[in-house]
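Student: sequence first, predicted model second:
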Amino acid sequence: MKSHAPRFLALVAASKAQIQEISVSDLLDSSNSPILIDVREESEWKRSHASGAIHMGKGILERDIESTCPDLSAHIVLYCGGGYRSALAADALQQMGYNNVYSLAGGFRAWNAGRAPTVEDS
């Protein structure tokens with residue numbers, strides 16, 4: 001696993017203090033059907049992604065979210081590889097006025113560890 005730079009980790013920690021996280025098991029057990037957004041790079045998405053997810057990379061999320069999801073109260077769950085980028089993305093969406101946003105704790109690695117359904121491109 002890649003080691004992250006200290007300032008990046010500090011930025012993520014500050015964002016995590018402002019957002020909500022949800023575990024894979026809580027997400028899968030929920031009767032709520034969230035909008036599940038993969039904020040990873042396109043190459044990561046193409047290798048494999050959560051079943052039912054849509055792709056909106058961290059680089060374009062803030063630009064395109066309003067056309068994809070204009071409802072500021074929509075239940076949105078974001079994930080990335082390990083929960084870092086999705087925490088930053090959740091913080092950004094909250095700053096944009098979205099009020100029911102979660103970052104998936106542990107990201108796609110936790111999704112896979114929980115044996116949740118995935119889609120793999122061939």
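Tutor: Received the coordinates, thanks.

Student: show me where this protein has helices.
Tutor: If DSSP state H is used as the criterion, the helices of the chain fall at 6-16, 24-29, 42-47, 58-68, 85-95, 107-113.

Student: tell me the mean pLDDT for the second one?
Tutor: Just to be clear, that refers to helix 24-29. Averaged across helix 24-29, pLDDT comes to 94.

Student: what lies in contact with that helix?
Tutor: Pro34, Val77, Tyr102, Leu104, Ala105, Gly106, Ala110, Trp111, Ala113, Gly114, Ala116 (CB atoms under 8 Å, 6 or more residues apart in numbering). (Glycine included, C-beta is placed from N, CA and C.)

Student: now the two most distant members of these.
Tutor: Largest separation among the contacts of helix 24-29 by CB to CB: Pro34 and Ala113, giving 19.6 Å.

Student: quick one, which of the two is more surrounded?
Tutor: Summary of the neighbour comparison: Pro34 and Ala113, criterion other CB atoms under 10 Å, with Pro34 having more neighbours (18 against 10).

Student: what residues are up against the more buried one?
Tutor: Leu27, Ala74, His75, Ile76, Val77, Tyr102.

Student: distance of it relative to Glu66?
Tutor: As defined by CB to CB, to the nearest Å, Pro34 lies at a distance of 17 Å from Glu66.

Student: contacts only, for Leu61.
Tutor: Ile37, Val39, Leu78, Ala89, Ala92, Leu93.

Student: the closest residue in space to the third one that isn't next to it in sequence: how many residues sit nearby?
Tutor: Counting by CB to CB, 6 or more residues apart in numbering, Ser86 is the residue found nearest to Leu78 once chain neighbours are left out, at 4.1 Å. Number of residues near Ser86 (other CB under 10 Å) recorded here: 32.
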